[in-house]
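>>> attaching a predicted model along with its sequence, questions to come.
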Amino acid sequence: MVASALITLREGLEAALIVGVVLVYLGKIGRQDRQASVWGGVVAALMASVAVAIVLQILGAEFEGRAEEIFEGTTMFLAVAVLTYMIFWMRTQGHQLRSSLEHDVQSAVGGGQGWALAGLAFFAVFREGVETVLFLSAAGFAADGSSALWGGLAGLAIAIVLGWLVFNTTAQIPLRSFFNVTSLLLLFFAAGLMTHGVHEFQEAGLLPTFMAPVWDINPILSEDSLVGSFLKAVFGYNGNPSLLEVFSYLVYWVAVLGAVHWWLGRAIPRTA
């Protein structure tokens, strides 16, 4: 529940900020009459995202046994890739997002066609919606599906409130700190999803186990306990992992830390 709430909170706030930037800029240039086109694109994007969620659930229900394990593992791996890419993309391109959106809005308004603004809002929100659906599906496979759904709805509700506060009140929300903290937590979630995906592929016979288990600390901290289930959902805790699951977890973090080192090397100019 916590992981799904965190996902929808971040993705929902990103979508709210994008829509807010577009609406505020339309007001700034005196084109409030075009806001209906933006809201039309937002509604269409939400409906399309729900349709994607339904399709994923239908597909998941069609599979059984080995096919189900392969489908769930593949969904988890895809969620890990998209989630990690999204975090680093926001870190490198986020500061240019406002100016890019304003330029796109100006071009759409200048063209005199409402569908251009609707399309801008649609693709911006639909991207966040598809990412959210993918992450929630993976979180539902890794933990209890109903708790993932309720957690997702709670996170989305909070995101809507925060987005409204940012653009309609004088409340100061430390967005930079928010995205820094959630980025770190989501990386832990992605690392856990990586091991869950490996486990599903091992169950399907597509990956070897090598050594299983490497250790077993379930008698001390069971995965079924309150704390254990929380750690499993958020951080991918496994009381009795195989050697390949441990290795994949470590490899993921080595790759992430290497990417962070590379990004910092580019972001900080070298002095002679």
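Now that the structure is in, tell me what you want to look at. Numbering: from 1, shown residues only.
>>> who's in contact with M90?
In this structure, M90 makes contact with E14, F179, S183, judged by CB atoms under 8 Å, 6 or more residues apart in numbering. From N, CA and C alone the C-beta is placed, and that goes for glycine too.
>>> check what pLDDT it gets.
At M90, the pLDDT value in this model is 80.
>>> could you point out the helix or strand that follows the helix or strand encompassing V22?
Taking DSSP states H and E as the definition, one finds V22 inside helix 2-28. Sequence-wise, the next helix or strand downstream of helix 2-28 (DSSP H and E) is helix 35-62.
>>> any buried residues in that next one, and which?
35, 37-38, 40-42, 44-45, 49, 52-53, 56, 60 (16 or more other CB atoms under 10 Å).
>>> cool, and stretch 79-90?
A79, V80, V82, L83, T84, M86, I87, F88.
>>> which one of those residues sits closest to I7?
The nearest member of those to I7, counting by CB to CB, is L83 at 8.2 Å.
>>> ok, that closest one - contacts?
Counting by CB under 8 Å, 6+ apart, L83 has contacts E131, F135, L186, F189, A190, L193.
>>> was I right to think the first one contacts V82?
By that I understand E131. Yes - counting by CB atoms under 8 Å, E131 does reach V82; the two are 6.0 Å apart.
>>> ok so, going back, out of the contacts of M90, which end up buried?
Buried residues within those, defined by neighbour count using 16+ other CB under 10 Å: E14, F179.
>>> for F141, give its distance to G73.
Using CB to CB, to the nearest Å, F141 is found at 9 Å from G73.
>>> overlap in contacts of these two?
Jointly contacting F141 and G73 under the rule CB under 8 Å, 6+ apart are H196, E200.
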